[in-house]
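> Just to be clear, the model below is a prediction. Sequence and coordinates:
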Amino acid sequence: MTDSGNEAIEAAARRAEQTQDRNIRQSPDLPELPIAGDTANLREGASLNDACLALLPLVGVWRGEGQVDYPTIDGPVRYAQQLTIAHDGRPFLFHEARSWLLDENGEVIRQAAREVGWWRPQQDDTIELLLAHNTGILEVFYGEPRTQTSWELSTDAVVRSTSAKDVTGAKRLYGIISDGDLGYVEERAMVGQPLQPHTSAQLKRIAG
């Protein structure tokens, strides 16, 4: 991961030549809302709130592949993911991730995990990340920037529905890596296992 803000800005400008005209897909059949809409493109829509400047490199639509592994599954398993991080001008970011499993040829097997939530930067430079998962898990992460282009967070609270898997904690690291992609790794403690690597992926910016 690069620590140079200037290098990150220059790399983002080069990537923007391919992605700057794209944004979150919206249906032409829906009327416009009378309020500011979400944007994953810093060149369109509301201006990014100053409180979110430390998270600016994350804003966009990202897509790529990774793998999931854990002692309780027959892995590693290949998967793909699309991650959207957007804003509406207020001091938080919207987060949505959709994943699907792939076979050895890269063909879709089935849909997999979904999560939605909010990045909430605080005045003391800490970050709250609130995530709700389709599996019945609610998580509150706290963390902080490690560099200008990387962020580390750990769960402070995990709430489970009665039908959810036994998850007790998680840790995530996001970062812009040298070629401008977004990399992330997640550790997870669940079903009686201690905190350990669970998923990792490398995502390319496709919009923003």
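Ah, there it is. Worth saying up front: this structure is predicted, and the values here are computed from it rather than measured. Numbers count the residues shown, from 1 in each chain.

> Could you list the low-confidence segments of the protein?
By pLDDT under 70, the weakly predicted segments of the chain are 1-5, 8-9, 22, 24-30.

> mind listing the helices for it?
Secondary structure of the chain (DSSP state H): helices at 5-19.

> which one's the longest strand in it?
strand 108-121 (DSSP state E).

> For stretch 117-133, C-alpha coordinates in PDB please.
Output of stretch 117-133 as PDB, limited to C-alpha atoms (Å, rounded to 0.1, in the frame of the first residue of the first chain):
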ATOM      1  CA  GLY A 117     -24.000   0.000   6.100                       C
ATOM      2  CA  TRP A 118     -22.300   3.300   6.900                       C
ATOM      3  CA  TRP A 119     -18.900   4.700   7.400                       C
ATOM      4  CA  ARG A 120     -19.000   7.400  10.000                       C
ATOM      5  CA  PRO A 121     -15.800   9.400  10.500                       C
ATOM      6  CA  GLN A 122     -15.500  11.200  13.900                       C
ATOM      7  CA  GLN A 123     -13.800  14.400  14.900                       C
ATOM      8  CA  ASP A 124     -11.000  12.500  16.700                       C
ATOM      9  CA  ASP A 125     -10.100  10.800  13.400                       C
ATOM     10  CA  THR A 126     -11.600   7.500  14.500                       C
ATOM     11  CA  ILE A 127     -14.000   5.700  12.200                       C
ATOM     12  CA  GLU A 128     -17.200   3.900  12.900                       C
ATOM     13  CA  LEU A 129     -18.400   1.300  10.400                       C
ATOM     14  CA  LEU A 130     -21.900  -0.100  10.900                       C
ATOM     15  CA  LEU A 131     -22.800  -3.200   8.900                       C
ATOM     16  CA  ALA A 132     -25.900  -5.300   8.500                       C
ATOM     17  CA  HIS A 133     -25.500  -8.700   6.800                       C
END
